[in-house]
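Asks: compute the structure for the input listed below.
(one chain, ligands or ions: 1)
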Amino acid sequence: MDIGCRRFFALLKSSDVITRNEKRRFHRLVVLGVLLCLVPSASAAALNHVTFKRDGKTQAVSGRVLVAAQDGGLLVQSRDGMLWTILPEEQIDRAADDVPFKPYEADELAERTLAELPSDFRVHKTAHYLIFYDTSSAYAQWCGSLFERLYLAFTNYWRRKGFDIREPEFPLSAIVFADRRSYLKFSRPELGEAAESVVGYYALLTNRMTMYDLTGVEAAGLNDGRERSSAQINRVLSQPNAQGAVATIVHEATHQIAFNCGLHTRLSDCPLWFSEGIAVYFETPDLSSAKGWRGIGAVNRPRLQRFYRYLPSRPADSLETLIREDGRFRDVERNLDAYAETWALTYFLIRQRPKQYVAYLAMLSTKKPLLHDSPDERIEQFREIFGDLKQLDAEFLRYMTRSR
Ligand SMILES: [Zn+2]
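Replies: Sure, this is the predicted structure:
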C-alpha cells in the first residue's frame with residue numbers, strides 16, 4: 001500500500017475516528033434537538049455528573065456540558081479531555097455541583113490512564129505530552145522528542161502568520177505499543193477492521209494518539225529486542241521503507257496539535273480539505289535535526305506527483321467539489337487525488353494568499369461542535385474570503401504548473 005493510501009485510512013479513522021454508533025448519536029443530537037451550544041470557559045463551567053446506560057452497562061462521567069440539545073441530549077467533556085455524546089434515553093441521572101470544571105493535571109491524568117492500560121505500561125512525560133508505552137524507553141523518548149519538535153515548529157509557524165495559538169487545555173496523550181499485534185488488539189474496538197490499515201491514528205473523541213513501535217519487525221525487518229539509542233532509531237526510521245509510516249505518525253500528531261491549540265474545534269464542521277490540508281502540509285518528517293524542524297512548507301513530493309497525475313482528468317469544478325463537501329475524501333476511488341489536491345491548494349494559498357488563509361483559519365476556528373454548515377454555506381464562506389472560485393482556480397493551476 002502506498003503512502004497516500006495509508007494516509008487515507010488514517011484519515012477515515014483518525015481526524016474522523018468516530019464509530020458508526022457515535023455518528024448516529026451525533027445525528028440524533030443535531031437533528032432532534034435544537035442545540036444549545038454552551039461551550040463555556042474552563043473556569044466558568046460547573047462540574048456535571050451524568051449517569052447513563054449504554055449497551056446494557058451503567059456508566060458515569062463527570063465533566064462540563066459543551067452542548068445541551070433541547071431534547072436532553074448532551075455532549076460532555078470529561079476532565080481528561082474526552083468527549084461523550086449521551087442521548088436522552090440513555091441518561092439515568094444528571095447532577096451539577098458547585099465545583100468548577102478543571103482539566104486533570106498531567107500527573108493525575110498519567111496515573112488514571114496508566115490504570116486503564118495493561119500493567120507493564122509506563123509513562124514518559126514531556127512539556128506537552130504524556131507518552132504511554134510498553135516498548136523501550138528510548139523509543140518513547142524518541143516519540144516525545146519528535147512530537148515536541150513538531151509542536152514547537154507548528155505553533156511558531158502559525159504565531160508568525162498572526163494566528164492566535166492557544167496552549168492545549170489538556171496534556172496531549174499518545175499510547176505507544178511495543179508491537180503491531182498488541183496495537184491491533186487495542187485499536188480494533190475503536191477502529192474495527194480498519195485498524196489493520198493504519199500504523200497510528202488520532203481519535204477525536206478520546207483526544208489521544210495510538211500507535212506502535214515502528215522499529216519493530218514490520219517496519220524495518222529488525223526486532224532483536226535490544227534497546228536502541230535515539231540515533232539508531234533515527235537511522236532505522238530514515239530508511240525509505242519506513243518513511244511513509246513516520247509521515248503518517250507526524251500527520252496524526254499534526255491533527256492532535258491543531259485540534260488542541262485552537263486551529264480547529266473537535267466535532268465542529270471544519271471542512272476536511274482544510275484540516276487535512278494542514279496535516280499534509282506538515283507531514284514530511286524531519287528526523288535529522290535534534291532541535292528544530294526543517295522543511296515546513298517545502299514541496300511534499302508524493303502529493304505533488306499525485307496532483308500532476310490527476311491534472312489531465314481534473315474536472316472543471318474540482319476546486320468547488322473539494323470545498324463544498326467532504327465526499328471525495330471518503331471515497332476510496334477518489335481520496336488520493338483529493339489529498340493531493342488539498343496539499344496543492346494549501347501550498348498555493350499559504351504562499352500566495354497568506355492573509356486570507358489565516359482569516360479563513362480564524363473563521364473556521366470559531367465553529368462550534370455539532371453545528372453543521374450546508375454545502376452552499378461552505379462555498380459562500382470560502383468565496384467571501386478568497387473571492388471568485390473560477391479566477392482563483394485559474395491562478396492556482398498556473399502557480400502549481402509554472403515550473404513543471
Ligand atoms: Zn488526516
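Asks: make it CA atoms for all contacts and neighbour counts henceforth
Replies: Will do.
Asks: Arg306: what's it in contact with?
Replies: Arg306 sits next to 336-337, 340 when contact means Cα atoms under 8 Å, 6 or more residues apart in numbering.
Asks: what about Leu263, which SS state?
Replies: Three-state call for Leu263 (DSSP: H, G, I helix; E, B strand; the rest coil): coil.
Asks: the stretch 1-150 of the chain: helices as residue ranges?
Replies: With helices called from DSSP state H, counting those that start in this stretch, the stretch 1-150 of the chain shows them at 3-12, 20-32, 106-116, 137-160.
Asks: try the stretch 201-350 of the chain
Replies: Along the stretch 201-350 of the chain, counting by DSSP H, counting those that start in this stretch, helices occupy 217-220, 230-237, 240-260, 272-282, 301-310, 318-324, 327-330, 335-352.
Asks: quick one: closest of those to Pro171.
Replies: Among the helices of the stretch 201-350 of the chain, helix 240-260 comes nearest to Pro171, with 9.2 Å by Cα to Cα.
Asks: and that closest one, does that touch the ion?
Replies: No: judged by Cα under 5 Å from the ion, helix 240-260 and the ion are separated, with a smallest distance of 6.2 Å.
Asks: what pLDDT does the most centrally placed residue in the chain get?
Replies: Note on the chain: the residue nearest the mean C-alpha position is His255, at 3.0 Å, using Cα atoms, centre = their mean. With respect to pLDDT, His255 scores 96.
Asks: isn't it up against Ser275?
Replies: Yes: with contact defined as Cα atoms under 8 Å, His255 reaches Ser275; the gap is 7.5 Å.
Asks: got the buried residues for the strand ranked longest in the chain?
Replies: Assignment by DSSP state E gives strand 57-69 as the longest strand of the chain. In terms of neighbour count (16 or more other Cα atoms under 10 Å), strand 57-69 has its buried residues at 61-69.
Asks: and stretch 80-93, by the same measure?
Replies: For stretch 80-93, by 16+ other Cα under 10 Å, it's 80-88, 90-91.
Asks: show me how far it is from its chain's centre.
Replies: Stretch 80-93 sits 22 Å away from the centroid of its parent chain (Cα atoms, centre = their mean, to the nearest Å).
Asks: what residues does it touch?
Replies: Contacts for stretch 80-93 (Cα under 8 Å, 6+ apart): 22, 25-26, 28-29, 49-54, 71-78, 103-104, 109, 170, 204-207.
Asks: so which bits of the stretch 251-400 of the chain are right by the ion?
Replies: Glu276.
Asks: just want the residue of the stretch 251-400 of the chain that's nearest the ion.
Replies: Nearest residue of the stretch 251-400 of the chain to the ion: Glu276, at 4.8 Å (Cα to the ion).
Asks: just to check, that residue is in contact with Tyr339?
Replies: Yes: if you go by Cα under 8 Å, Glu276 and Tyr339 touch, sitting 7.5 Å apart.
Asks: any weak-confidence spans in this protein?
Replies: The model of the chain has pLDDT under 70 over residues 1-44, 217-227, 403.
Asks: how does it divide into domains?
Replies: Domain segmentation of the chain under automatic domain parsing yields 20-100, 105-266, 301-401.
Asks: among these, which is the most enclosed?
Replies: Mean neighbour count, computed with mean count of other Cα atoms under 10 Å, is highest for domain 105-266 among the domains of the chain, reaching a mean of 19.
Asks: straight-line length of that domain, end to end?
Replies: 21 Å (Cα to Cα, to the nearest Å).
Asks: how about the closest residue in space to Ala245 that isn't next to it in sequence, what does it touch?
Replies: Sequence neighbours aside, Val199 is the residue nearest to Ala245 in space, at 6.5 Å (criterion: Cα to Cα, 6 or more residues apart in numbering). By Cα under 8 Å, 6+ apart, the residues touching Val199 are 10, 211-212, 245, 248-249.
Asks: which pair of those spans the longest distance?
Replies: Ala10 and Tyr212 (14.0 Å).
Asks: list the residues that contact both of the two?
Replies: Taking Cα under 8 Å, 6+ apart as the contact rule, Ala10 and Tyr212 both touch 199-200.
Asks: ok, the closest residue to Thr254 other than its chain neighbours - how many residues close by?
Replies: Spatial nearest neighbour of Thr254, excluding adjacent residues (Cα to Cα, 6+ apart): Ala279 at 5.6 Å. Residues near Ala279, counting by other Cα atoms under 10 Å, number 26.
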